[in-house]
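Asker: Following is a predicted model, sequence given first.
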Amino acid sequence: MNGVAVVMRKAPYGSVYTAEGFRTIVGIAVFELDISVLFVDDGVYALVRGQDPSQLSMKPLGDGFPTLTEFGVTKFFVHDQSLAERGLTLKDLVMDAEIVDSARIAQILETVGKVLPF
Amino acid sequence: MLYTVNRSPLSASSLQSVLRIAPAGSPILLYEDGVYAAVPGASSAPLVRAALANHPIYALDADLQARGITTVLDQIQVVGYDGFVELVEQHQVAPWL
């Protein structure tokens, strides 16, 4: 199966990156690709619990990621340093994800080969 | 894996992020505003000098020229679009937008 790594590095709401990254994952999931989703730097903010952007007239972006499992997307990785330096732990996130270090992130990118940045 | 950086190191953390993810030996290509990391007098220079010990670093000539950057840190390899294409042919690419 062909693999793709989607790297999320931006905070939600401040730009279209998180929303577009999510849409892209849904879009490519139908092709039964082996998708790995990696949250690095401000990308980890996309998964924080309790997002309510109703006053911005936007939908909560974090809530979408756990639903991706219904599309067969099950590999979610969160960069440990990025999480720690934002004062967050796995408990603060909307879903269970594998916490990984920099070396493992690089290894996943290397193994998968195709990287889509958001 | 070739890591590419297109943001200035003085306004974004893309380069710092790449430097903690990319294993030693991974090449890094600076393009667009990323080429400001090649400037010797910039406050980012110590970071980039240290990175050069572990990574080959390339800067895209067209983007340097466009920004009036005529001198780059020693060891940074200036490449044209042909060099860019060669790097992309030789490596899979991780664009660190």
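Answerer: On my side now, so go ahead. Numbering: from 1, shown residues only, chains lettered A, B, ... in the order given.
Asker: going forward, measure contacts and count neighbours with C-alpha atoms only.
Answerer: Will do.
Asker: Tell me how many other residues surround residue B:85.
Answerer: 11 (other CA atoms under 10 Å in any protein chain shown).
Asker: closest point of chain A to chain B, which residue?
Answerer: When scored by CA to the nearest CA, chain A has residue A:102 as its residue closest to chain B, at 4.8 Å.
Asker: So for that residue, what's the pLDDT?
Answerer: pLDDT recorded at residue A:102 is 98.
Asker: My read is that it contacts residue B:20, right?
Answerer: Yes: Residue A:102 lies in contact with residue B:20 (CA atoms under 8 Å); the separation is 6.5 Å.
Asker: and the two? which has more neighbours close in?
Answerer: Shown here are residue A:102 and residue B:20; by other CA under 10 Å, residue A:102 has more neighbours (21 against 14).
Asker: The more buried one: what's it in contact with?
Answerer: A:79, A:80, A:81, B:20, B:21, B:22 (CA atoms under 8 Å, 6 or more residues apart in numbering or on different chains).
Asker: From those residues, list just the buried residues.
Answerer: Applying 16 or more other CA atoms under 10 Å in any protein chain shown to the contacts of residue A:102, the neighbour count classes A:79, A:80, A:81, B:21, B:22 as buried.
Asker: which one of these is nearest residue B:84?
Answerer: Here the nearest of these to residue B:84, counting by CA to CA, is residue B:22; it sits at 18.7 Å.
Asker: if I look at the closest one, how far off is residue B:29?
Answerer: To residue B:29, residue B:22 is 12 Å away according to CA to CA, to the nearest Å.
Asker: Residue B:94 belongs to a helix, doesn't it?
Answerer: No: assessed with DSSP: H, G, I helix; E, B strand; the rest coil, residue B:94 is strand; it does not lie in a helix.
Asker: number of nearby residues for the residue lying closest to it once chain neighbours are set aside?
Answerer: Spatial nearest neighbour of residue B:94, excluding adjacent residues (CA to CA, 6 or more residues apart in numbering or on different chains): residue B:3 at 4.8 Å. Number of residues near residue B:3 (other CA under 10 Å) recorded here: 22.
Asker: Which pair in the buried ones among the contacts of residue A:102 has the greatest spatial separation?
Answerer: A:80 and B:22 (15.1 Å).
Asker: May I have the beta-bridge partners of residue A:8?
Answerer: residue A:39 (DSSP bridges).
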